[in-house]
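Participant: 3D, please:
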Amino acid sequence: MIKVLIVDDHAIVRQGLKQILADIPDMEIFGEAASGDEALKFIRSEGWGIMLLDIAMPGKNVMELIKLAKHQSPHLPILILSMYPEDQYAIRMLRAGADGYLTKESAPEQLVAAIRKVAQGGKYISPSMTEKLIAELNPNQEIPLHTKLTDREFQVFSGICAGKSITDLAQQMALSVKTISTYRTRLMKKMNMSKNAEIIHYAFKNDLLD
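Facilitator: Model prediction:
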């Protein structure tokens, strides 16, 4: 029996997932959390077969949450289930420590298959994403600018896109204003931009906005 922990701040999403998995004989929903902090408490309490994790969660940044979860439970399989496009976020989430990535638009059968594969120790991305990664091995393939950012730079990038100030990000990430400003300068340089408006425009064009 695969013990599933659902982590999503939307009750209607959690309920939908429970309905999908209710009739699957080898799976059972043993817990659900509405925030990253709540999820970490669940992880400490008992062993889980897999954690289904949304990207846009209140509290901790999802990449930080993945790393904390893996630190507490190194062998915990984590499957990201998100509304964000797979080609924009999957690789970054896998690099952070997630074991698979699936969009919420995926068919229930695909979700079940992904849970089984990840719970058994495998990695999961969709066939279409696999083809895209192979295509990107072509040296002439243009690489999206935001993929060049480090995790910290991407956190600042995402915060700017969400309308947060440097001070807000410093508080959220527990860093100094000067450090956040440095990350902003670095990401601006990597993306050949000079204004926050350019970042937001880029995020809009590339479907990176919530």
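Participant: give me the number of residues near residue 77?
Facilitator: 23 (other CB atoms under 10 Å). Any C-beta I mention is one placed from the backbone N, CA and C, and that applies to glycine too.
Participant: Following element in sequence after the helix-or-strand element of the chain with minimal mean pLDDT, please.
Facilitator: Among the helices and strands of the chain, helix 127-135 carries the lowest confidence by mean pLDDT, DSSP states H and E, at a mean of 70. Moving toward the C-terminus from helix 127-135, the next helix or strand (DSSP states H and E) is helix 151-161.
Participant: ok, and what's touching that following helix?
Facilitator: 61, 63, 92, 95-96, 146, 149, 168-169, 172-173, 180, 183-184, 186-187, 190, 196, 199-200, 203, 208-209 (CB atoms under 8 Å, 6 or more residues apart in numbering).
Participant: Give the buried residues for that helix.
Facilitator: Buried positions in helix 151-161, judged by neighbour count with 16 or more other CB atoms under 10 Å: 152, 153, 154, 155, 156, 157, 158, 159, 160, 161.
Participant: On the three-state scheme, the residue nearest to the spatial centre of the chain is what?
Facilitator: Closest residue to the average C-alpha location of the chain: residue 55 at 4.0 Å, with CA atoms, centre = their mean. Following DSSP: H, G, I helix; E, B strand; the rest coil, we place residue 55 in the coil state.
Participant: what's near enough to touch it?
Facilitator: By CB under 8 Å, 6+ apart, the neighbours of residue 55 are 62, 80, 82, 83, 84, 89, 93.
Participant: Apply 10 Å and report the result again.
Facilitator: Applying CB atoms under 10 Å, 6 or more residues apart in numbering to residue 55 gives the contacts 8, 61-63, 65, 80-84, 89, 92-93, 98, 101, 158, 210.
Participant: in the sheet, who's paired with the nearest residue to residue 22 once chain neighbours are set aside?
Facilitator: Leaving out its chain neighbours, the residue that sits closest to residue 22 by CB to CB, 6 or more residues apart in numbering is residue 29, at 7.8 Å. Residue 29 has these beta-bridge partners by DSSP bridges: residue 4.
Participant: Among the contacts of residue 55, which ones are in helices?
Facilitator: Judged by DSSP state H, helices contain the following of the contacts of residue 55: 62, 63, 65, 89, 92, 93, 158.
Participant: Going by distance to residue 129, which of those wins?
Facilitator: The nearest member of those to residue 129, counting by CB to CB, is residue 89 at 10.4 Å.
Participant: Please verify my assumption that that closest one contacts residue 54.
Facilitator: No - contact criterion CB atoms under 10 Å: residue 89 and residue 54 do not qualify, at 11.6 Å.
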